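[1] below are the sequence and a predicted model for it; my questions follow.
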Amino acid sequence: VGVGPGDPELVTVKAARLLARVPVVFYPEGGLARSIAAPYLNPGRQELHALPWRSAADWEVNGRRIAERIAEAGEAAFLVEGDPTLYSNFVPAARAAVRADPEIVVEYVPGIPALVAAAALLRRPLVRGDQRLALVTPGEGLGEALAAFDTVVVLKPSRGFDGVRRALRRAGREREAALVVRCGLPGQRVVTDLAGLPPGGPDYFSLLLVTRPDGAAGGTDA
Ligand SMILES: C[S@@+](CC[C@H](N)C(=O)[O-])C[C@H]1O[C@@H](n2cnc3c(N)ncnc32)[C@H](O)[C@@H]1O
């Protein structure tokens with residue numbers, strides 16, 4: 001169940017309804033999903049389980065644990081920050097649960113992704129007219145994306161922030177970039193002077209949005 005990027009008001013009605021009735025709820029340990037969903041949970045009536053993980057391999061074990069609880073309780077929800085289809089631990093967990101019990105039916109409940117909430121905070125459309133959008137993480141593909149796409153969103157920029165800054169400089173797009181830190185969470189801020197950020201990179205819950213300036217859109221919007 002996607003619970004959105006941080007503000008509990010951005011949890012969908014469908015997610016809230018589901019979380020109010022499901023008997024078992026799992027969430028990744030150390031993440032924010034449980035606190036985002038807190039207003040919709042009912043610890044008195046529900047089992048709430050943190051799933052520990054240090055590496056991708058842990059999801060195999062977690063998947064088996066989820067399958068066991070579903071066998072007993074009938075159904076379970078897995079909380080995901082933002083949306084479950086975007087870089088989410090839900091995917092390996094659900095696949096491992098189905099490997100453990102092929103009868104399990106998996107349902108994805110969409111959530112508002114952090115990148116959409118960040119664009120709204122900045123009042124910057126993600127794409128206009130015929131513009132194209134790339135979603136990347138730090139690494140080799142970033143330079144290519146900055147050269148070929150009007151809008152580039154970098155998730156997990158903290159995992160290689162110096163490289164991100166270099167790629168922006170090389171592409172001449174530093175002034176089009178905005179870093180949104182902890183969107184919808186305590187400590188939310190927007191940084192447009194990336195050179196001024198201390199070395200070591202921003203908070204893990206940060207994303208970078210690179211958009212063409214106003215007036216650079218191609219075509220008209222429907
Ligand atoms: C593993 S990905 C999960 C993405 C999430 N499933 C989504 O739909 O937004 C984690 C990355 O998403 C971004 N992110 C998630 N929540 C955020 C928030 N509240 N503010 C800024 N960035 C956030 C950050 O780039 C973070 O490193």
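    Perfect, thanks for sending it. Numbers count the residues shown, from 1 in each chain.
[2] looking at this protein, what residue ends up closest to the ligand?
    Distance from the ligand to each residue of the chain (Cβ to the nearest ligand atom) is smallest for residue 82, at 2.1 Å. The way it works is simple: take the backbone N, C-alpha and C, and place the C-beta from them, glycine included.
[3] correct me, but that residue touches residue 5?
    Yes: taking Cβ atoms under 8 Å as the contact criterion, residue 82 and residue 5 are neighbours in contact, 5.4 Å apart.
[4] which neighbours do the two share?
    Where contact means Cβ atoms under 8 Å, 6 or more residues apart in numbering, the residues bridging residue 82 and residue 5 through contact with each are 112, 113, 114.
[5] does anything pack onto the helix or strand hosting residue 68? Which helices or strands?
    Secondary-structure element containing residue 68, defined by DSSP states H and E: helix 58-73. The elements that helix 58-73 packs onto, with contact taken as 3 or more Cβ pairs under 8 Å, 6 or more residues apart in numbering; DSSP states H and E, are strand 24-28, strand 47-51, helix 90-100.
[6] switch those over to JSON lines; also include mean neighbour count.
    Converted to JSON lines, these look like this (neighbours: other Cβ atoms under 10 Å):
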{"stretch": "strand 24-28", "mean neighbour count": "23"}
{"stretch": "strand 47-51", "mean neighbour count": "16"}
{"stretch": "helix 90-100", "mean neighbour count": "19"}
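[7] nearest to residue 64, out of these?
    Closest of the helices and strands packed on helix 58-73 to residue 64 is helix 90-100, at 4.6 Å (criterion: Cβ to Cβ).
[8] close to the ligand, is the helix holding residue 68?
    No: applying Cβ under 6 Å from any ligand atom, one finds that helix 58-73 is not in contact with the ligand, the shortest distance being 13.1 Å.
[9] by how many degrees do that helix and strand 24-28 diverge?
    For helix 58-73 and strand 24-28, the angle between their directions (axes from the mean of the first three to the mean of the last three Cα atoms, to 10 degrees) works out to 170 degrees.
[10] return the distance of the helix or strand just after helix 58-73 from the chain's centre.
    Per DSSP H and E, helix 58-73 leads on to strand 77-78 as the next helix or strand towards the C-terminus. Taking Cα atoms, centre = their mean, to the nearest Å, the mean C-alpha location of strand 77-78 is offset from the chain mean by 16 Å.
[11] before we move on, back to that, so which bits of the helix holding residue 68 are buried?
    Taking 16 or more other Cβ atoms under 10 Å as the neighbour-count basis, helix 58-73 is seen to contain the buried residues 58, 59, 62, 63, 65, 66, 67, 69, 70.
[12] neighbouring contacts of that helix?
    Residues outside helix 58-73 that contact it (Cβ under 8 Å, 6+ apart) are 23-24, 26, 47, 49, 51-53, 76, 78, 89, 92-101, 104.
[13] try 7 Å
    23-24, 26, 51-53, 76, 89, 92-93, 95-97, 99-101, 104 (Cβ atoms under 7 Å, 6 or more residues apart in numbering).
[14] circling back to that earlier point, mind putting the shared contacts of residue 82 and residue 5 into CSV with distance to the ligand?
    Listed next are the shared contacts of residue 82 and residue 5 as CSV, based on distance: Cβ to the nearest ligand atom, whole Å:
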residue, distance to the ligand
112, 8
113, 4
114, 3
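[15] name the nearest residue to residue 10, ignoring sequence neighbours.
    Nearest non-adjacent residue to residue 10, counting by Cβ to Cβ, 6 or more residues apart in numbering: residue 4, 3.7 Å away.
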